[in-house]
Structure formats: C-alpha cells, structure tokens
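Novice: Predicted model follows, preceded by the sequence.
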Number of protein chains: 2
Amino acid sequence: MANREIPYKIYLEENELPRQWYNVRADMKNKPAPLLNPATHQPCTLEELSHVFCTELAKQELDDTTPYIDIPQEIIDFYKMYRPAPLVRAYCLEKALGTPAKIYYKFEGNNTSGSHKLNSAIAQAYYAKKQGLKGVTTETGAGQWGTALSMACAYLGLDCKVFMVKCSYEQKPFRREVMRTYGANVTPSPSMETEVGKKINAEFPGTTGSLGCAISEAVECATTHEGYRYVLGSVLSQVLLHQTIIGLETKTACEKYGIKPDMIIGCAGGGSNLGGLISPFMGEKLRGEADYEFIAVEPASCPSLTRGVYAYDFCDTGAVCPLAKMYTLGSTFIPSANHAGGLRYHGMSSVLSQLYHDGYITARSVEQTSVFAAAEQFARTEGILPAPESSHAIRVAIDEAMKCKETGEEKTILFGLTGTGYFDMVAYQKFNDHEMSDYIPTDEELKVSMDRMPKVD
Amino acid sequence: MANREIPYKIYLEENELPRQWYNVRADMKNKPAPLLNPATHQPCTLEELSHVFCTELAKQELDDTTPYIDIPQEIIDFYKMYRPAPLVRAYCLEKALGTPAKIYYKFEGNNTSGSHKLNSAIAQAYYAKKQGLKGVTTETGAGQWGTALSMACAYLGLDCKVFMVKCSYEQKPFRREVMRTYGANVTPSPSMETEVGKKINAEFPGTTGSLGCAISEAVECATTHEGYRYVLGSVLSQVLLHQTIIGLETKTACEKYGIKPDMIIGCAGGGSNLGGLISPFMGEKLRGEADYEFIAVEPASCPSLTRGVYAYDFCDTGAVCPLAKMYTLGSTFIPSANHAGGLRYHGMSSVLSQLYHDGYITARSVEQTSVFAAAEQFARTEGILPAPESSHAIRVAIDEAMKCKETGEEKTILFGLTGTGYFDMVAYQKFNDHEMSDYIPTDEELKVSMDRMPKVD
C-alpha cells in the first residue's frame, strides 16, 4: 500500500470546523442568471421570495457578491454532532484496483439522514426558527431530504410537514417511519389537504403521485398557513452555499496533509453535493490560484448537463416556483421507471450550470448497471455500502484510476461519497438478481419535454 | 451546556488504536467454568473444539491466563477502516434532561454492519483465512451478525455461508440483500441442504425456523464440508476477547481527556458488547486499582441474568454445541413473539455470568415500550437513530441521569451505543403507531424451559 503517513481516515479537530460558508458566486465573472417571476418574467425581488422562503434564506439566494457568510453558532453546535466528516484514503480500493493513483473520498453518510442533506436542513430550519416561524413544509421522494429536515426540526422544536410521493410512502415505508420517529407529519401526495392535491386526485384518480406534485402541495401548504415557509433540499443557490461545508472541510484536510487533488468528482442531481464539494476549489480556479479538473457525473437516464439545453425553465413540474436558467431536460421530463437511484431531477443548479457553460466543469453520464457494479466493488473493498447516487461518482473515480493504471500516472483523485445505501436495498436486490437494466432516453423523447418549456426572451 | 473543553466526539488518532486485546479472565480469581463435552460432561479439549472452530480461536477460547493477546496487523488494518470509534459526549441529551450528570457513549454503529459485531467477525475470518480454510458458516436471525461476517469475508476473499432464520429471510429481506451484496451465500433455515434441516422440515412442515435450528444447520455444514469451520457472533469467550477493542479505546479516550466514569452501562444479550466495553475497567476493579459500577441491561421478556439460574446448559437449541456454565433461562426458552429487538438469547457469556455471580456486575431488566421511548428521545436530541438493543442501555442511562437530577449528583455515566436501527423500522413503526406492548414471562413459563435443562453434576 501507498504512503502510510496519511491515515485511513482524516478527522479534523472540532475547532477546525469551518465557521463561514463560501459563496462561490462572489468569484464568478459571469454570475448565474437571476430567478424570474413566472408571471412577469422579471427578476424575483427579496419581497417576492420572502413569501415562500424565510427572509434570511431569500437574502442568501439573491446574494452573489459576499464571498464568506458566517455560520451561526447554533448551526455549528449541531454540525458538531456529526461533523467534521472524514476524508478517507481509499487504500483498500487502490490495492484492489492495482492503480498508482491515490484515491480519496469525503464521506457524508455518517449521520442518521444517511447523506449530506442534513448540512442544509439544519441551516434552513435554524433560519425558520430564528424568524419565529411555527414550522416548515417540504416534499420528499424516497425520503432522504425529508429525513434530514425531520432531524433538524426535532432538534429545534419546529413543526415539520412532509409531502411524500404516494408510491414511496406506500412501497418504501422505512424512511417514512424514520421521519415519524423524529416527529414529522408525513402525508402521502397527492393528498386531500391542499387544493392542488384535490385537483390532481380528481383529475387522475388512483395516481401514485410525483415529485412535482408534492412540491406544489408543499408550496401551497406553506403559503396558505400562517407561520410556515417552504424549504428545498437541492438546486437552490442557498442550498449550495450551506453545502460548501463539505468542500471547506475537505480543503482544510488536504492542506493539513499536503494532499493536492488533480481531479474532483461528484454525482450531480440538483447539484447541491457537487457544488458544495467543489466550491472552495473552484474559487481557487476562478481566482487563478490553482487548477483542478472537475467532473460532474449524472445518470444516462436523466442527463441534464450532457444532453440538456441551457435555458430558463420551471424548477418544479407544477410550475409554481420561480423560473431558473439552467441546464434542463424540461420540467415535465420524468426518468424511466427502471431508473433505480436518485439524481432524477430534470434541471441543475444555476450556479453549476453557469460554471459548466463557461467550461470550468466537465460532465459525464453513466449507466446504472455499471454504477451498481462500482458500488458492489466499493462496498466489498472499502466496507461502506454506498448510496446509488454516490456510486455514480465511484464509477468515474474507478474509471479514472484504471486509466492511471494504463498510463502509469500517479494522479490524486478525490470524490464525494454523499451517503449510504441502507434504504436502497430494493435496487441492490435487483442488481444482485441480475434484473437491473439500463435505459437511455432517445432524442425524440427528450424533445417532447424540452418543447414544453416556457419561452423566455 | 457543560465543560466545552471536551469535544462532542472524541476520535482517537489512528496510532492510538489498541494493538492487543485484553483477556479479563487472566485477572479473575474465580475463572469461568470450562466448556463441557455434551456427551462425556468432561471439559472440552483443544482438539475437540478444533473440529468446530479454527485452531487459533479454540486456543483463545481456552486461554484464561494470558492477559494481553496481540492483534494481528491485518486485523488492525481492517479496524482502521472504521475505528477508532468515537466516544461521544451527549451534550444535547444532558441539556434536554436538565441533568447535572455527564453522559458519554461509545458509538459502534458507524460501519455498514451497523454494530460492534464487525470487531469479532474480522478476527474470526482472519484466523480462518490464516489456517488456509475455504470458508466459514454461521447462523443469523435478523442479520446483524451475518452482515458483519459477510463484510469480513468479502475483504479477505473467504467463502461465507449464512443460515438465516426463514421468517427473517422472507420478511426482512434488506439485510439479506446486504449480505448478498458482500458476496455471502444466504440460505433460509431450515433448509434441505443439511440432515438436521431435512429432519426439521419433515417433522414440522411449513416451519419458519428458529435461531437454534439455524445454529445446528451451520455447525453441521461446517463439520461435514472440508475446509470450513463454524463461527459465532456472541456468547463465547473468544468473541468477548475481540470485543475488548471497544473498552480499550474507551479507556484510552477517558484517560486522554481526564474522564472518570462512575458507572458503565451496556445492553446484554449474549454479552459480547457489554463484556467488550467493561473488560478493561473490570480488570482495574479486579486488581483493586479503581472502582466502577457496572450495569447489565436486559429485556424483561428475556431476563437471563435477573431471573435465570447459574448452571450448565446448552448454547444452542439443537444441543450440538458444548455445554457452558452460565445464567440461563434454559436453551428451549424462546422470547414472546411481541419482543421487537435482539437480546433474545436464553443464556449469557460464561465470563460475565461468573463476574455477575461474584457480585462485580449488577443487572436490570427493562420493558420494551420504555426502551423505545428512550430510543425516540435519544434520536431526537443526539441525532442518531439507535438500534433497539442499544436502546436498553440508553433507557438505564437516562434513568440514572434523572436520578442525578433529583439528588444533584454530578455522576459520570458511560454507556455502550452498540449500533443503529436503520433495519429495525418495523419495530419503530409499531412504536410510532402505539401498537407495541410489553410482555414479562411468568415464573411458570420460565420453569418449563428450565426444567428441560441438562443435569450436570
């Protein structure tokens, strides 16, 4: 095995926890395009956004000039329960691959929500509490984000109302029960509790719901109940900001141990994990202080960066949220039912979209059977059972390490391991039973949803 | 909150990992009674035990004089993937309780097996590999031990054959799939692959199996296949030895930060977690160097220490394993079906049994609804969703902290948090839905299984 001076797991000390988030937009010459009011097509004002989001979060959403934003002490105290998260040297994987590359991963799965989502959940819940609100509403698909938010709300004594896509609510009851254990109110969506839910139930009797519908219900619930606001687990710039805790810790650990990554790899759904991991390194690149190769990995079945268009689109299927300029497949795009993991969002963070558009990031799409093969190899060598989402990054990290084996290059590869797969065993079972297949949408299929996008000048 | 000089999580450095296990039997004046051959009632010889167990492990089983045993470097390398495990100061729980007590817990759940079981699984798999064996066999109920063993075998390239109680295999498929992902061969028990399995299937058509039956199948499979041995996840003295890594790390962390526990609390099923946690502290007590209060917590529905007898009994229902002298309810005792968590073993480690018999340990039994109430409170304040087993220790730790609140005593309470509850959501759901009840066996019920115990002079 390689240089043993670097331990298997690098844990920073508690006093090395970052005390500020980094706002990469401050260092971008080409700023991300502003959110637009869907009715007027004018940039959203703070007042408009404050009807849906907490005021402080709306401010963070609009702030593209302040480079560092203080993390409130109460959030730092919460972070201390599960952070700093380890930066792990994949000694065993390197050995199994026989590669000269050095592989590192930042592991965000060591908390009960099972992923990095908790980093933003506590921040959003904190600002809601500070504003004197009673509670927050949100949507969840398989339940990762909903779990994280439930934990944060339980800690702060805040009401948490989760609209969970009905088919997940019924078929994947375990995350639902985790949320309930944390005191959240979990409602299958579409429900009869909102106007939009009633309408959808009347129009499509027996429907098992969709993420887009759940978003619409959560937004309606927040805006029609005194003392509530809506919160979201990805895509938004505020979420990326909170997630920079991942990259800041990683950078501190790298500097402490003299690690210089050549490439940084992350899976990309809405972009919160990738954006959080790469932001501080991207800042160096934008300021001309250092260079890194950044790789976004997305599923071939939902290829927003590699096959989408860069245009204004709705963030949600219900078209109640602001318009964002992003790489998108069209808000009505829904990945094939055989797609197992998350990363099923039609668009991409507007920050990452702009950086990708400007050539600072490359993107790669991978098929799910190869992703699960990488997951299995990783689990057997490194011990951790990865989430399907995270395994997209593992796939490309292994591919790059194998290229190094061919060329003899000793590259340093860093990737984000966003979470664990304990609640994804149905997908693993499909893979174990050789019943998993791949699906790549045709150009014609993509054209259908892209043609339905709003026309913005 | 209390003294902030102690961080939320104490992570030892990699080079502080213990390099020897501690064998508490060496410091016991009254040694645990020897295992007996079930046919002759004579103490088992090394040769006899070597038919079932790896030779090195059989030696460890019999060794009650060597105080420290070197941990092979290969095992230390594996430990580095998930150890040192954190010693956590429960600041948030203390605050929620309003107690002057200081509460610490040693957290063993930060690995994919979800519990401390991995500590012994890798040791047992390592010695099997070193002996040149092809593989190992074992039984598993809900699958925690089987998962740990699968991970260890995958790492070492060893064949792993798990007999899983049929009702768990069918009703709790997720841990089964984790084991399969790690390459284990998982067979529902009773199967048609062993003579004992065929016999049971013929005698009780449609039976959904039991742990005792699965043990018998695993032992038969090991002893009838060239190059295989049987391994077990608890009860045995060798397992306790490996698990002392928990207590040794805890003691090092306590000494580093000047923490002096007044009481040490652990849940007790077969005793591997409790024994591993308390051994190094017990050594001090046995040598008269320090004093601690040790509390074993067991379910009221399976109360081997608090209501069992101290006598020779079979370790397994099938009565194929050696006889052990222990606190036992009788090997035919099966806890009520409404018992949700683990800790359903009829007996107790012979090491702990002797220490309990000699007054070094006290024991307490708790009912499951109060255990889940403690689990929920812990999850909401400390963030971690605990395993039902671990939550027995949480229950008593909270009870003791509340006593301190009454008396004003600033006791230091340490408990073992053996694992996470991600695969126990069916039990949590019962609790969330107020459908969980308690059950305490009557004296008459206990008498039935106790009367069936073997008579040993």
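Specialist: Happy to help now that I have it. Numbering: from 1, shown residues only, chains lettered A, B, ... in the order given.
Novice: drop to CA atoms for contacts and neighbour counts, all remaining ones
Specialist: Fine.
Novice: tell me the contacts of the spatially closest residue to residue A:231 that is not a sequence neighbour?
Specialist: Among residues not flanking residue A:231 along the chain, residue A:138 sits closest, at 5.5 Å (Cα to Cα, 6 or more residues apart in numbering or on different chains). For residue A:138, the contact set (Cα atoms under 8 Å, 6 or more residues apart in numbering or on different chains) comprises A:146, A:161, A:162, A:163, A:215, A:218, A:219, A:230, A:231, A:232.
Novice: Pairing partners for the helix or strand that contains residue A:138, with directions?
Specialist: Taking DSSP states H and E as the criterion, residue A:138 maps to strand A:135-140. Strand A:135-140 has the following sheet partners, assigned by DSSP bridges: strand A:159-165 (parallel), strand A:228-230 (parallel).
Novice: is it possible to export those to CSV including mean neighbour count and distance to residue B:295?
Specialist: What follows is these, written out as CSV (neighbours: other Cα atoms under 10 Å in any protein chain shown; distance: least, Cα to Cα, whole Å):
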stretch, mean neighbour count, distance to residue B:295
strand A:159-165, 27, 37
strand A:228-230, 25, 46
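Novice: how about the residues of the stretch 51-200 of chain A near chain B?
Specialist: Contacts of the stretch 51-200 of chain A with chain B, taken as Cα under 8 Å from any Cα of the partner chain, map to A:80-81, A:110-112, A:151, A:154-155, A:174, A:177-178, A:180-182.
Novice: any idea which of the contacts of residue A:138 is least confident?
Specialist: When those are sorted by pLDDT, the bottom entry is residue A:215 at 89.
Novice: Tell me if it really is in a helix.
Specialist: Yes. Counting by DSSP: H, G, I helix; E, B strand; the rest coil, residue A:215 is located in a helix.
Novice: Check the spacing between the closest residue to it other than its chain neighbours and residue A:145 real quick.
Specialist: Sequence neighbours aside, residue A:139 is the residue nearest to residue A:215 in space, at 5.3 Å (criterion: Cα to Cα, 6+ apart). Taking Cα to Cα, to the nearest Å as the measure, residue A:139 falls 8 Å from residue A:145.
Novice: With residue A:449 instead?
Specialist: On the measure of Cα to Cα, residue A:449 and residue A:145 end up 26 Å apart.
Novice: When these two are compared, which one has more neighbours?
Specialist: residue A:145 (25 against 17; other Cα atoms under 10 Å in any protein chain shown).
Novice: per-residue pLDDT, that one?
Specialist: pLDDT, read off for residue A:145, is 95.
Novice: I'd guessed it sits against residue A:233; true?
Specialist: Yes. Using Cα atoms under 8 Å, residue A:145 is in contact with residue A:233, at 6.0 Å.
Novice: which residues do those two both contact?
Specialist: Shared contacts of residue A:145 and residue A:233, defined by Cα under 8 Å, 6+ apart, comprise A:117, A:121.
Novice: so for stretch A:110-128, what's the average pLDDT?
Specialist: 97.
Novice: Equivalent analysis for stretch A:414-432, please.
Specialist: The average pLDDT for stretch A:414-432 rounds to 95.
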